[in-house]
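> 3D, please:
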Amino acid sequence: MNVIVSTLNAKYIHTCLALRCLKAFAEPYYDVEMAEYTIKDPAMNIVTDLFEKNPDIIGFSCYIWNIEETIQVVSMLKKINPNLKIVLGGPEVSYDTGYWMERLSDVDFIVMGDGEETFKQLLDEINGSEKYHMVIGTAYRKDGKTVINAPRPKLPLEQLPSPYQFEEDRAALSKRITYFETSRGCPFSCQFCLSSIETGVRYFDIDQVKSDLLYLIESGAKMIKFVDRTFNIKRDYALEIFQFLIDNHQGCEFQFEITADIMRPEVLQFLNDNAPPGIFRFEIGVQSTNDETNELVKRRQNFKKLQRTVRMVKEGGKIEQHLDLIAGLPEEDYERFKQTFNDVFAMRPEELQLGFLKMLRGTGLRLRAADQQYVYMDRAPYEMLSNNVLSFADIARIKRVEDVLEKYWNDHRMDHTVTYLVERVFPSAFDFFQDFGDYWHQQQWGRIGHQLEDLFLRLHEFLLARDTGDIEIIEGLMTYDYFLHQKHKPRKAWGKPKLSKEKHVELVSLFAEKPELTGLPFNLKEQDLFKHIVTEKLSFSLSSYLASGEIRKESELLLVHYDVKNKKKTAQFLAMEPLLNTLSISHDGT
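Have a look, this model is predicted:
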């Protein structure tokens, strides 16, 4: 029997842990081949590739991001080979299973919940007596009618074989994200999340976890993303894993989803003291800072303790933080969501993801959607369109915030500029992103592509259009950010240079003659200076602003050296007047 497990990932760099779990449990009884694609791949290409493998059974792992594309592939496969057995599993079809069986006549079976044991037993029956009523945890058809069997009890996780040590995965470990779980389940009951449907948390054997992690690291994995819903719920377990990764990381990076308000200060201090910089990344779901909203979705959250965690991590400087918000939660209107956004942005996370509520099948919010008059998409991803306090017009405006937030904060193209704008120019961070997002929409820039220089020019146009004060200071910060974002000397600046080309040439010649003036810790020949440095005149002292926040109206020369070989940039700030005086003396020949 030729068995394939397949899925359509959101991106090529992603991998599907579910396929590996199914394969590991089914072997050695069945030879299971994994076939991964992306939602961007043409359906004909996917179908052709699967057809050429000549399968008897194909199992697809289904999620909100791939279900509609998967349905198209399944329909084509069944038309080509009506005898092919199609099995669906995954969170998107584990709930409302009857709906999926009625809608998808091309699907023979649906596996509900944890799939390892169920899928293996289903293969046994397909290959044997076909007594499908014996396979608990499945749905199937009998005489044209849907039969949904009883759910399967949870298998103790220590009985599951490792899904991480397949030889066919080794070659791509350094190029793709490896998804890893140390536990299943969640102790919380957030009504917008599928994890709220199941109760309790089960853990894998910690020695097996360490063995698998070490195998992945030594095999070349560069990014391991833990999929545990709350990695830090069991403090001692989390600490032991943190210590193991600190001792054995070999440059691999690790991402965890944590609940920040239950993170003990002593754990944070341990990480601040011992974690190497850059190997850990925390994803923290804030979602809302509105107590009424959190109560309605059964989400317990102490925002002050969450702030303490984020602050301690930030002060430690070792761990990057990704904070999540959800627009559209119950009783959080536009103005209250604005407050949530500003509350969270004030913590200056390295990344702030602004998502929109999705009414997932099986969740409490979807079952009680009428309570807040939710209107949402009929098909995946089931994103909300409006509710009793948030209109579709409000949602459309917040979408514009999301767009410029991604481009101008999360991508870190101009951190100094945006920080200045949200702290000193606009009433709040949300006001900046909203006003800029509205202008972006009015100019229809969302319909065209953007190079780095375009993003600077468009922000500048927006600021000029609203007659923004202190524009020379903002332009100086933008220039600084622009040069810092380059890997090598740019061919041109983002806007019109304040320092003429002739003056730049004179300064470079002066620096070649008197290298001590550059402040650089090394000397360079004149040709190297021309090749690897940029200069720009600033109307204020940027060095004073960066050091203390003080704006001093003293012109300064910004000099940036690009050490391409060592992949480093060095920025120097030189007082402008003494340099001009030195140039005058040189021209006099004295």
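> which residues in the stretch 201-350 of the chain form strands?
Listed in chain order, the strands of the stretch 201-350 of the chain (DSSP state E, counting those that start in this stretch) span 201-203, 223-226, 253-258, 280-287, 320-327.
> name the helices or strands packed onto the fourth one?
The one in question is strand 280-287. Using 3 or more C-beta pairs under 8 Å, 6 or more residues apart in numbering; DSSP states H and E, the elements in contact with strand 280-287 are strand 253-258, helix 303-316, strand 320-327. (Each C-beta comes from the backbone N, C-alpha and C, glycine too.)
> how many residues are close by A172?
Under the neighbour criterion other C-beta atoms under 10 Å, A172 is assigned a count of 15.
> next, the residue lying closest to it once chain neighbours are set aside: phi, psi?
Ranked by C-beta to C-beta, 6 or more residues apart in numbering and with sequence neighbours excluded, the top spatial neighbour of A172 is T15, at 7.9 Å. The phi and psi values for T15, taken as degrees, to the nearest 10, are phi -130, psi 160.
> please apply the same query to the one 4 residues further on.
Summarising the backbone geometry of L19 under the convention degrees, to the nearest 10, its torsions are phi -60, psi -40.
> could you check how far the helix or strand containing L583 is from the centre of its chain?
Assigned by DSSP states H and E, L583 belongs to helix 576-588. Computed by C-alpha atoms, centre = their mean, to the nearest Å, the chain-centroid distance of helix 576-588 equals 50 Å.
> could you do stretch 334-346 as well?
Its chain's C-alpha centre and that of stretch 334-346 lie 20 Å apart, by C-alpha atoms, centre = their mean.
> on that earlier part again, quick check: which of the strands of the stretch 201-350 of the chain is nearest to W494?
Put simply, out of the strands of the stretch 201-350 of the chain the one that sits nearest W494 is strand 320-327, at 26.6 Å, with distance taken as C-beta to C-beta.
> contact partners of the closest one?
Where contact means C-beta atoms under 8 Å, 6 or more residues apart in numbering, the residues beyond strand 320-327 that reach it are 192, 255, 278, 280-288, 310, 313-314, 337, 340-341, 344, 347, 349-357, 390, 395, 398.
> pull the distance from that strand to the chain's centre.
For strand 320-327, the gap between its own C-alpha mean and the chain's C-alpha mean amounts to 9 Å (C-alpha atoms, centre = their mean).
> what does Q353 show for phi and psi?
Phi and psi for Q353, reported as degrees, to the nearest 10, are phi -90, psi 120.
> the closest residue to it other than its chain neighbours: neighbouring residues, count only.
In space, and not counting its chain neighbours, Q353 is closest to D324: 4.9 Å by C-beta to C-beta, 6+ apart. For D324, the count of nearby residues is 17 (other C-beta under 10 Å).
> over to the one 5 residues further on?
L329: 30 surrounding residues under other C-beta under 10 Å.
> and it, what does it touch?
Going by C-beta under 8 Å, 6+ apart, L329 touches F192, Q287, S288, N290, T293, L296, V297, L357.
> which one of those has the most neighbours?
Per-residue neighbour counts (other C-beta under 10 Å) across the contacts of L329 peak at S288, which has 29 neighbours.
> where's it relative to S584, distance?
With distances defined as C-beta to C-beta, to the nearest Å, the gap from S288 to S584 amounts to 61 Å.
> want to throw the strands of the stretch 201-350 of the chain into JSON lines with distance to F244 and mean pLDDT?
Conversion of these to JSON lines gives the following (distance: least, C-beta to C-beta, whole Å; pLDDT from 0 to 100):
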{"stretch": "strand 201-203", "distance to F244": "15", "mean pLDDT": "94"}
{"stretch": "strand 223-226", "distance to F244": "12", "mean pLDDT": "98"}
{"stretch": "strand 253-258", "distance to F244": "11", "mean pLDDT": "98"}
{"stretch": "strand 280-287", "distance to F244": "13", "mean pLDDT": "98"}
{"stretch": "strand 320-327", "distance to F244": "20", "mean pLDDT": "98"}
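> which residues of the stretch 301-450 of the chain fall in helices?
If DSSP state H, counting those that start in this stretch is used as the criterion, the helices of the stretch 301-450 of the chain fall at 303-316, 334-345, 364-367, 392-405, 415-420, 429-442.
> of all these, which lies closest to G476?
In terms of C-beta to C-beta, the element of those nearest to G476 is helix 415-420, at 9.3 Å.
> that closest one - contacts with which helices or strands?
For helix 415-420, the packing partners by 3+ C-beta pairs under 8 Å, 6+ apart come out as helix 471-484.
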